[in-house]
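> this one's sequence-less:
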């Protein structure tokens, strides 16, 4: 209940502070027999690693993941998978002056109000660096889902006011923003240079499309698939809104415009997908479409007015190395969180019908 | 894990189908000694009860709540509070023709894919009628929070394309849409009449403001206060997007625009509230602002193309009584869900510091 | 977290006080398609119903269960099953004089210390009457397990100092104590008459054997099958000890005596079953054997010394109707609790291996 | 749900295999501001460390705990505390011949039945070595409880058939069995030498007394304090029975013998403590008394008959280093598990009454 665990059957728990010794995740409930290598996980960490372009923090972290348990001879054993990433380039001296200041847009004040004090080095537990553990754990979920034919396409839909209008998946990895639209990426670069020259930052939108999801995943009421996805995405530090399918736009629609008609053609399909693949909290067999609105990096180099822990008004200049936009590195975090939700839903569903349970235990799937 | 429970310390579990015998909620973990009468809860049920204006379904339900346990001599005992609302006007004959059809925009197909069959009467468990149980349970959370000075103001921010621009709380209860803007409400009425005359429906936006929330509520990482609020609101059937504070708009902002400066004046305050009262998942002492985007009622009287359970393409006409817009009745549901989250956060926070725990056990708060 | 829910996949939540309007259970996570009728559940309630012999309380309760949700056309729908039993014969006047006294052997003082006051009528939530809801919910678990070939044989192993030495399952239902040994039952009757004539009560032991459990159920570490069974049985009010297999006796054994040798014969079997069917927290394919030690009914008609809520020493005479021995009625409660644990373990296990998950989603078990 | 997490508010999750890289625990929900040093935890690890007397395995492990997160400047921060103990002396070659054999008394067969294969090196996750992580996490719970005046006295009550009749706490640490009775310890040594000379092992009983527990801790129904303690203790690999207070003995008692009379004298006290400090699942202010029956070490050097993974009958000789009795090293594990339960109960109780919640939020305990 400390808030660092997520999931029911496929459960991730994360730990670690920005400038502590290490960051880690424990994944419990992963089925036995899934092939997992450190390199498989490492690939996902690379996608959020700092120091890769001029648009992300210059902090250098090797971010090498180490599997400490739960994998034997290359396969998961069904027991907890412990993943650790050592913090190597901490430079906590940069943050010393922040020990007693409440940075605008950050959780500093909230943590002090809740806990009485905080690990102020680089934001401690509230740092975006915490998400490295989610990505490591999420990578395992992605591997599991891949075996079932479920795959993810995640990208920057917008950088500040610049929106990707084209959608060419092949372009996503060819620009530092992970935009599926080359022209937009070029425009975003210009916009971002402006922000940086003004010691400012910008926000953006991450979009995630999930294909291959069978109909019938998710639970009724509070455990709706979209509800859990909303929690998952909103739990990423800078996210301030989550949309499923057409999201905010449905408010202005008519029912006749918004309903997706079903039709039969080699199974049950939908003519449109305003719903984003989820109806009444249960997947409908269509592509699941999610969007997260990411706020501009709150750490900006401009002087800002704020308050210190003594309750005095001060003027604060934040030093250190900060991403001028969080979105590119948030892309893989959104994907990891969505995968954690789906892997959990996949496992939860196996006992949804007595016919499945009977088949499993009586007709020999469960052999012993 | 069936999805019908919510919360960690203050836990609600709901049960019941639209056309079953009854709908109910069990609230476990409510502190002992809270004054709760059936009439207190009834007031909230009245706000979502059908049959109150021409803009909501003509279905007549008395929706009388009965407290079956957990309250003794007018006070909660600390044990589970069981609340039941009998279904009185079920008319399931209206739904007979839907038994084997998948209504567009509804969960019918998903339920069949998951469970193999479904209680098709009025949508069964996926019916919006399920929310009556949430409102009953949420009413207890609201009563608890009221004693701590935490209060809610919830209203329709938009009905279809008509947005409330003015904000006069006094007007919220004086129009059938719960809009805080009389002119907008009048416009909404005209718009809705148009929809209804075309056998169509519309969507809208519910906004909720929560005042009196102390700084420090919420958890880090997955248990962030806004993450749990996002789950709570997205779990309401027709909601397709959730915003905290400025929500989607932050994507286009600069950091210098979006950061809320702190200042000291009889405590720590913020000059602006783009964050909607939550930073890094922890309340910052400001007003909490939430928005839920509600899709248009999927049940419309126009004929629609869809598929039946045999996988045949069919043309469907939905009969029965349906709200042309869900928003007015969703207002109190959003409030109930937000209250359930806050009540839980309030209880979770009491052990956040050793000084609190020590005071509680050593200095006599816990007297025995 | 209020303590009234149990299970991970197959979850029961109970509510209700001894002298409130009703007692109930909500079962969430039961697979869809299980045949459940009120009469199926009623049979189990009959086994714990008061008023059936001279050895149980004369309180008369019809204990008729009503299914309020989650069952449609005779089958579970996969959504919460709400079960309610009205309290009909409450006679709370008998308990009025106990409102301010702390009965020895009862939870009265603990409830006051925790909650500040309590529903004193018949023990309120701490009454053994609460177990009627467990039996109702457990009956559904038993029905589920029966379809998988898992069955229960539960009986009184001892009434006070009188132990059943013989084991004839056919005799269990032919004596009021549910003892599998006719001679012991006769002796127990004599012993109990003595206790009753002295206004005293006695304890005993309930034993439960579970057959047909496949090897491989349960989890490592904290979620061991025996650990969860221990919680389940110890959660029954009067139980003060739980044994698995040879239980306490293993302490005095040598390893060479206590180890059960495996051998191969149409599968893997064990020559002995000291372990009671569970090794390292995982079922080993043998019969699961559990024992619960039940304390003597604390409500006795003899005057007792105790304290009242003002902290004064008093002499208390307990009136009302009380079982001179709890064991016979606890038999079905132990069975219900064990079944709840097993049903949950059965569902949890379906995703234990990637080969199961792959088969389920790729080879067509999950058809849509 | 993989079974490796425990607790509601104060939650421990463990990971790691006997011969993997490391073993660890993550504690989430510990209040901020508790002083915790690695040395504080190390003291408890020393109590279960191998290689300390001739009666425990000769395996040499330094068992040095490393705090990786959640502690800043010597105090807990309220965020997850990650604890790691590297495995240094693994010698997995000793276990190679066990890869395909099912050791009697071990979980080998169950793990294969559940997961399809297993990490066979030293028992993998089912090894008693896993408990090192529980002790590390439990040490934090013990530190927390110490600040509230709650303390533990845990010892061997019996080694095989030799029972400690005297109770002199000062003697517990002066013999290798942690027995509070010197004469019994001497007798146990003789008995154990006999077992060892015959390549055999023995069981025993661990007893734990908890003092300073206020009345009112625990929950009703499934979350009873004794129920959760039973789960906690039974989850220790070799434990086959758990007793609270007089435990099994209550079965043969009369109510008039077993009831503990309350009396008033500087608060409410009990004349006897048959109940072991818990009534109806709630602490009654008396000493809490627990006993766990520990089976003889199943790994014995004698040849044993068993089966291999191919289903062939074989004769097995177990090599490697094994404790001839588990009890001495289980003592601190029992204490750790009991402390985890109590710390959780302490935190859960803070919101049990509205007057506490009101005081906390309105009268300034929660200051901001």
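Good, I have the coordinates. Since the model is a prediction, treat every value here as computed from it, not as a measurement. Residues are numbered from 1 along each chain as shown, chains lettered A, B, ... in the order given.

> dump the residue contacts of residue A:11.
A:5, A:27, A:28, A:29, A:344, D:1, D:2, D:5 (Cβ atoms under 8 Å, 6 or more residues apart in numbering or on different chains). Using the backbone N, CA and C atoms, a C-beta is placed for each residue, glycine as well.

> Now do the fifth one: how many residues are near it, please.
By other Cβ atoms under 10 Å in any protein chain shown, 27 other residues sit near residue A:344.

> I'd assumed it was in a helix, is it?
Yes: membership of residue A:344 in a helix is supported by DSSP: H, G, I helix; E, B strand; the rest coil.

> For it, list the residues it contacts.
Per Cβ under 8 Å, 6+ apart, neighbours of residue A:344: A:7, A:8, A:9, A:10, A:11, A:228.

> on that earlier part again, and the contacts of residue A:11, which two are the farthest apart?
Maximum pairwise distance among the contacts of residue A:11 (Cβ to Cβ): 14.7 Å, between A:344 and D:5.

> Chain C contacts on the stretch 251-368 of chain A?
Within reach of chain C by Cβ under 8 Å from any Cβ of the partner chain, the stretch 251-368 of chain A has these residues: A:267-268, A:285, A:346-362, A:365-366, A:368.

> among the contacts of residue A:344, which are in strands?
residue A:11 (DSSP state E).

> pLDDT added to the contacts of residue A:344, as a markdown table?
Below are the contacts of residue A:344 laid out as a markdown table (pLDDT from 0 to 100):
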| residue | pLDDT |
| --- | --- |
| A:7 | 98 |
| A:8 | 97 |
| A:9 | 97 |
| A:10 | 98 |
| A:11 | 98 |
| A:228 | 98 |
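
> what's the first-to-last distance across stretch A:101-119?
By Cα to Cα, to the nearest Å, the extent of stretch A:101-119 from end to end equals 12 Å.

> try stretch A:143-163
In stretch A:143-163, first residue to last residue: 30 Å (Cα to Cα).

> ditto for stretch A:160-179
Stretch A:160-179 has an end-to-end distance of 12 Å (Cα to Cα).

> Are it and chain B in contact anywhere?
Yes: Stretch A:160-179 is in contact with chain B by Cβ under 8 Å from any Cβ, via A:160, A:161.

> circling back to that earlier point, tell me the least confident of the contacts of residue A:11?
Of all those, residue D:1 carries the smallest pLDDT score, 69.

> got the phi/psi numbers for the residue nearest to residue A:196 when sequence neighbours are not counted?
Leaving aside its sequence neighbours, residue A:196 sits nearest to residue A:324 (Cβ to Cβ, 6 or more residues apart in numbering or on different chains; 4.9 Å). Backbone dihedrals for residue A:324, given as degrees, to the nearest 10, come out at phi -70, psi -20.

> which ones are touching residue A:324?
By Cβ under 8 Å, 6+ apart, the residues touching residue A:324 are A:55, A:192, A:195, A:196, A:200, A:201, A:202, A:297.

> Read off the pLDDT value for it.
Residue A:324 is assigned 92 on the pLDDT scale.

> Tell me what residue A:208 is bridged to.
Beta bridges link residue A:208 to residue A:154, residue A:290, judged by DSSP bridges.

> Thought residue A:154 was touching it, still the case?
Yes: here residue A:208 reaches residue A:154: they are 4.3 Å apart, a contact under Cβ atoms under 8 Å.

> Need the overlap of contacts for those two.
With contacts defined as Cβ under 8 Å, 6+ apart, the residues shared by residue A:208 and residue A:154 are A:334, A:335, A:338.

> Find the closest residue to chain D in the stretch 201-350 of chain A.
Proximity to chain D, evaluated over the stretch 201-350 of chain A using Cβ to the nearest Cβ, is greatest for residue A:347 at 8.8 Å.

> Chain neighbours aside, what residue packs nearest to the residue in the stretch 1-150 of chain A that chain C sits nearest to?
Going by Cβ to the nearest Cβ, chain C is nearest to residue A:33 of the stretch 1-150 of chain A, at 4.0 Å. Excluding the flanking residues, the one nearest residue A:33 by Cβ to Cβ, 6+ apart is residue C:354, at 4.0 Å.

> Per-residue pLDDT of that neighbour, please?
We have a pLDDT of 96 for residue C:354.

> likewise the one 3 residues further on?
For residue C:357, the pLDDT comes out at 95.

> That one against residue A:347, yeah?
Yes: counting by Cβ under 8 Å, residue A:347 is a contact partner of residue C:357 at 7.1 Å.
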